[in-house]
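*Asks:* A predicted structure for the sequence below; I have some questions about it.
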Amino acid sequence: MRPCVGSLPLEEAFQAVYTNAKFKEVQNEFMNVMTNNNSLVSSEGAISTFKVVESDVVNRNIKDVEYCVSYNEEEVEVKCSCALFETRGILCRHAHFCVDVKEVSELPQRYFLAR
């Protein structure tokens, strides 16, 4: 079993259900959470919207890429414009940031896809 790199309960939850290969992908997202420039854009009722700006190197130039992440506290639902969860089945670093800011200690089973 691949060890956790941090002491976050969410990381341990993913470790328990994913294969080593898929868990490694999840860990990469956890480790890159703080490399972004993040800010709360709005908060209306149970829904918070965040802007996450990530700097990528493209053709030797630094390019800022902006993502929009929404978090619904009532539904415990997080969605990111990068769509990593929808395409690869793992939560992206942008979503992990928002869940961390909102102090979510447990995610619904829908975010733990069978592997």
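*Replies:* Great, that's in hand.
*Asks:* what sits up against the top helix by length along the chain?
*Replies:* Counting residues, the longest helix found in the chain (DSSP state H) is helix 20-31. Outside helix 20-31, the residues that touch it by C-beta atoms under 8 Å, 6 or more residues apart in numbering are 1-2, 4-6, 8, 11, 14-15, 18, 84, 88-93, 96, 115. (Each C-beta comes from the backbone N, C-alpha and C, glycine too.)
*Asks:* Over to stretch 66-79?
*Replies:* With C-beta under 8 Å, 6+ apart as the contact definition, stretch 66-79 has outside contacts at 41, 46-54, 80-82, 85, 91-92, 94-95, 97-99, 102, 104, 107-108.
*Asks:* quick check: mean pLDDT across the longest helix of the chain?
*Replies:* Across helix 20-31, the average pLDDT comes to 86.
*Asks:* cool, stretch 2-15 as well?
*Replies:* 79.
*Asks:* Can you list the buried residues in that stretch?
*Replies:* Neighbour-count burial for stretch 2-15, with 16 or more other C-beta atoms under 10 Å as criterion, is recorded at 8, 10, 11, 13, 14, 15.
*Asks:* repeat for stretch 81-96
*Replies:* Under the neighbour-count criterion of 16+ other C-beta under 10 Å, stretch 81-96 has 82, 84, 85, 89, 90, 91, 92, 93, 94, 95, 96 buried.
*Asks:* Contacts for it, please.
*Replies:* With C-beta under 8 Å, 6+ apart, stretch 81-96 has contacts from 10, 22, 25-26, 29-30, 32-33, 35-36, 38, 50, 52, 54, 67-69, 78-80, 99, 107, 111, 113.
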